[in-house]
Each structure stands twice: as C-alpha cells, then as structure tokens.
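[1] Sequence and predicted structure below; questions after.
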Amino acid sequence: MARRSLYDALQAAHDPIDMLRNRNRGSVRYPNVPSQYTNWIEEQRAWRETCSLADQSHHMVDLWVEGPDALDVFSDLGVNRFADFEVGRAKQLVTCNPDGYVIGDGILFRLADDRFHLVGLAPAPNWVQYNVETGAYDATAERDGDSVMRDGPPKNFRYQIQGPNALAVMEAVTDDRLPAIPFFGFADLSIGGREVRALGHGMSGETGFEFWGPYEYGEEVRDAVLDAGAEYGIRRLGWKSYASGGVPLGWIANPLPAVYDEGMSKYQQWLGADSFEATFAVGGSFAPEDVQEYYLQPFEMGYGRFVSFDHDFVGRAALERTAEESTRTKVTLVWNVEDVTDIHASLLRPGETYKHLDLPIFLWASHFDTVSKNGNPIGVSKYPAYNYNERAMLSLGVIDEAHSEPGTEVTFVWGQEGESANPAVEPHVRTEVRATVAPVPYVTDRRR
C-alpha cells in the first residue's frame, strides 16, 4: 500500500478546519508517564515550595544535524540571531512558514562548530529535517522520534529538575563540584558515576536544570537524584502537573503548526498521515472560515525578542511587515471565580451542562476561544490550566494591544462551536466567562 501523507488527508477532508476540529482521538496523554505520581496538587506545590523532577524522555523529538552547512540550515529556518551562537550554548529556536506564521519551536543546542541538537515537540524538528533532506545542504539529519512514533526505547533519557531547592539537589547529587551553568548554557557532569549533560533552565519561575544521557542508565541517574532530593522535598511530576506548568510562565506550548494551507503542499506530501501535524486537533468557541486565522506569528506569542533581521530566513519579508503592523499581544487571562464555579456546578444540577473542566489541564485539543470586549471580538484564549499555587484558573490570551492593560475586564466564550466528532467533546452548551487581563509571566521569573 502506498504511503499516505498529510496532503492526502487534507485532500480527503476537503476542508482543513473540518479535519482539525473533528479528530476522532479523544484526550491527549503523555506517553509512558503516569498522570500523577502522588497527586497533581502536591506536585504543583513542589515546583513552587521545594523541587520537582519531570521525565521528558518520551514526548519530544530529538534531531541531530551535522555537516559543513549545519549552521546554515538553522540560520535559513530560524527567526533567531545566530551570529554569536557559541558552542556550549542553547537557544529557543522559532521557525515560521513563508507567511511569517509559527510552525514550531524547540531548544537548539550547539554541540560543535558543525553539529547541533534540536529538542522539542515534532513540528520544528519535522520542518528542519524536511529542509535538510530536500534542500541543497551539505548536512545530514539523525532523528529519534517521540515514544508514540518510535519502536523501542528512546536514545536518551531527559529529566528536568526545578524549584527553589533544585540547585541544592544538583549540588548534592553531582559526583564532583557542580559547574557554574549559565541560563541556556550547558555543561558535562557526573551523577552516580554516569556522565550526563545539563542545561541551565527551569519551567517554574525558579532555577532549574534539564539533564540527559544514554537511556540505558537513565533509571540509575533518576534514582540518584531522587535519593539526593529526599531531604529537599523532591517530588516526581506526572503529566498533569508537568503540562500545566507552562501557563503561569506564559509559554504557548501547542500552537497550530502553520502548515495546512495550499502554499505548503510539498511539505504536506513529505509529512506522513500519522505525523503530529496530521493528527493534530483544535477545539473551542473560535471557529474561523480560513485556517490561517488559527495561526500565530512570533510577535503575538511573545517571541519578538528572538526575531533578528540580520540574516535572511523563511518568513522574514512577512515578519518585517508584521513588525510594523502587529496589533495583538500575549497576556494572562485570570478566570472569574464565580464563573469557574458555575461551570463545575452545572454538572450537579438538572438540565444542560457546560463543557467540563478537567483539572488541572484540559488536553483534548489546541484550544481557541473567542475573547471579546463590550461584545466585540478582540482575540483568542488558549491553553487553559488551573494553578493551585495561585488558586486561579488561567489561560493565555492573544488579544488586541488596546485591551491588554493589566486589570482590563474581558469575556470569552467557553465551549465548542458546533458539533464535533472528537470523543472528548460531550454534549454541552456554551457560556460566557469573565476574565481579568494580567501580565505575562503571571509568576515572578527567578530563573536567571
């Protein structure tokens, strides 16, 4: 049987929006990681009060690009500045389509002059691999897919430790003196006699590290960290607590990859019908007629600080125009307590119910809900998640700058627009939710 592609799936669906909104896949689950190790409330508390350990070994793609033109690959595809990208440093690579809309992002490590390692959800690695394989580059790409697509274990384990005690745990567990690792720098160190590589990072607003090495001794390293962290209150994160951690820091983790319109047909033919992009789902009250209205550009996602026009890259011309014309910005939306309570209460009274809230995070689709001010649409609300530490239901808004002042009262529509074949969408009625605009990040970022 001939290989089916995303292009074939789009042709069969006739309408990309209909395909994306009617996925028959149900709620998303992180592969090979339980939803909770203890309970998600205690796990959320750990990243604020003590420290937490997350297993990132299974849900991300690793892509190694090597060769004389390896830097050119990323310079041609990334909006970022590369002129001062040194060996031993990492950066958050952001890639766009020719119209300047975000395809995906990931963490890019410069391992050597001509060797790079990209880690992240599939869209950015997919786009980079496609360009290496189809472009005129003197470079090769080696891929290790996520645990949904891969046969067998991953090549590397990858763990993340974060929280106010993370530094103390790393100092206690390393075999020698912990090297000074700057934010988004990385260095080699030893844990339990095993060599690992560690990135200065963190996803909780506190100092944190990611560290990785060959998968065959990942359990040894993990257990050594847990043993050292016992006196510091370390807790393992299940996928519920882990996935909810990006919202208070303002990271839009799952934008719709900007690959579904006709101008991307060659790339669609390269992507398989079982690829991340071909199985992606969107949902919520925002239901445009043009799929491009789901796309986001770097400036409104808070990535404007990464964009550098000192080199040519895919989407540059469009982003140069957007830089002058952009009118939307990213904010935190704090949901009204009474309205959140009413959503839950609808399940306990006769009659129609509202779309249920699965705490702490609702992972059945990439969410797009219509945000309004005085009855006029001003943007979208994305990525809803509850944060126990803040005692708040939050989402990330991409809204008109004119209404982005903290304290501004807005509303958004909660609930699916129209029927959906997605089994995660139960019968419900839509409702308006009041929200207050707040800064991004919502919590103080002390990682640097």
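    On my side now, so go ahead. Only a predicted model underlies this, so the values are computations on that prediction, with no experimental measurement involved.
[2] which stretches of this structure form helices?
    Per DSSP state H, the chain carries helices over the ranges 6-13, 16-21, 40-49, 70-77, 123-134, 166-173, 218-229, 239-244, 265-270, 316-325, 337-345.
[3] now for the fourth one, which elements pack on it?
    Secondary structure elements in contact with helix 70-77, counted by 3 or more Cβ pairs under 8 Å, 6 or more residues apart in numbering; DSSP states H and E, are strand 115-120, helix 123-134. Using the backbone N, CA and C atoms, a C-beta is placed for each residue, glycine as well.
[4] ok so, going back, so for V33, which of the helices of the chain sits nearest?
    Of all the helices of the chain, it is helix 239-244 that lies closest to V33, at 4.8 Å by Cβ to Cβ.
[5] tell me which residues of the closest one are tucked away?
    The neighbour-count check on helix 239-244 (16 or more other Cβ atoms under 10 Å) flags W239, K240, S241, Y242, A243, S244 as buried.
[6] tell me, what residue is most central in the chain?
    In the chain, the centroid-proximal residue (Cα atoms, centre = their mean) is A253; its distance is 2.2 Å.
[7] For it, give me its contacts.
    Contacts for A253 (Cβ atoms under 8 Å, 6 or more residues apart in numbering) come out as L121, A243, G246, Y383.
[8] now the nearest residue to H201 once chain neighbours are set aside: how far from L199?
    Leaving aside its chain neighbours, H201 sits nearest to E210 (5.0 Å; criterion: Cβ to Cβ, 6 or more residues apart in numbering). Using Cβ to Cβ, to the nearest Å, one gets 4 Å for the distance from E210 to L199.
[9] re earlier: ok, the residue nearest to H201 - how many residues close by?
    Per other Cβ atoms under 10 Å, the neighbour tally for E210 reads 22.
[10] wait, it sits on N156?
    No. With contacts counted by Cβ atoms under 8 Å, E210 stays clear of N156, the gap being 11.0 Å.
[11] Neighbours of L167, how many?
    L167, neighbours per other Cβ under 10 Å, totals 18.
[12] Surely P255 touches S366?
    Yes. At 7.0 Å, P255 and S366 qualify as touching, with contact defined as Cβ under 8 Å.
[13] Overlap in contacts, those two.
    K382.
[14] Low-confidence regions, the stretch 1-150 of the chain specifically.
    Low-confidence segments of the stretch 1-150 of the chain, defined by pLDDT under 70: 1-2, 25-27.
[15] thinking again about what came up before, what's near enough to touch the residue nearest to H201?
    Shown in contact with E210 (Cβ under 8 Å, 6+ apart): Q56, R158, Y159, Q160, A198, L199, H201.
[16] Let's see that with 7 Å instead.
    Shown in contact with E210 (Cβ atoms under 7 Å, 6 or more residues apart in numbering): R158, Q160, A198, L199, H201.
[17] Please tell me how far the closest residue to R194 other than its chain neighbours sits from F211.
    In this structure, R194 finds its nearest non-sequential neighbour in Y217, 5.0 Å apart by Cβ to Cβ, 6+ apart. Per Cβ to Cβ, Y217 is found 12 Å from F211.
[18] the more surrounded of these two?
    F211 (25 against 16).
[19] Quick check: the gap between the closest residue to that one other than its chain neighbours and F74.
    Nearest residue to F211 in three dimensions, chain neighbours excluded: A198, at 4.1 Å (Cβ to Cβ, 6+ apart). Using Cβ to Cβ, one obtains 22 Å as the distance from A198 to F74.
[20] any chance of the helices of the chain in CSV, plus distance to V259?
    CSV is the format used below for the helices of the chain (distance: least, Cβ to Cβ, whole Å):
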stretch, distance to V259
helix 6-13, 8
helix 16-21, 10
helix 40-49, 33
helix 70-77, 13
helix 123-134, 8
helix 166-173, 36
helix 218-229, 33
helix 239-244, 23
helix 265-270, 6
helix 316-325, 15
helix 337-345, 33
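[21] closest to G152 out of the ones you listed?
    That would be helix 218-229 among the helices of the chain, by Cβ to Cβ, at 13.9 Å.
[22] For the closest one, buried residues please.
    Per 16+ other Cβ under 10 Å, helix 218-229 contains these buried residues: G218, V221, R222, A224, V225, A228, G229.
[23] same thing with stretch 131-147?
    By neighbour count with 16+ other Cβ under 10 Å, stretch 131-147 contains the buried residues N131, V132, Y137, A139, A141, R143, D144, G145, D146, S147.
[24] so the fourth one makes contact with L71?
    No. Look at A139 against L71 with Cβ atoms under 7 Å: they stay out of range, at 9.0 Å.
[25] correct me, but M19 touches Q11?
    No. Counting by Cβ under 7 Å, M19 does not reach Q11; the two are 10.3 Å apart.
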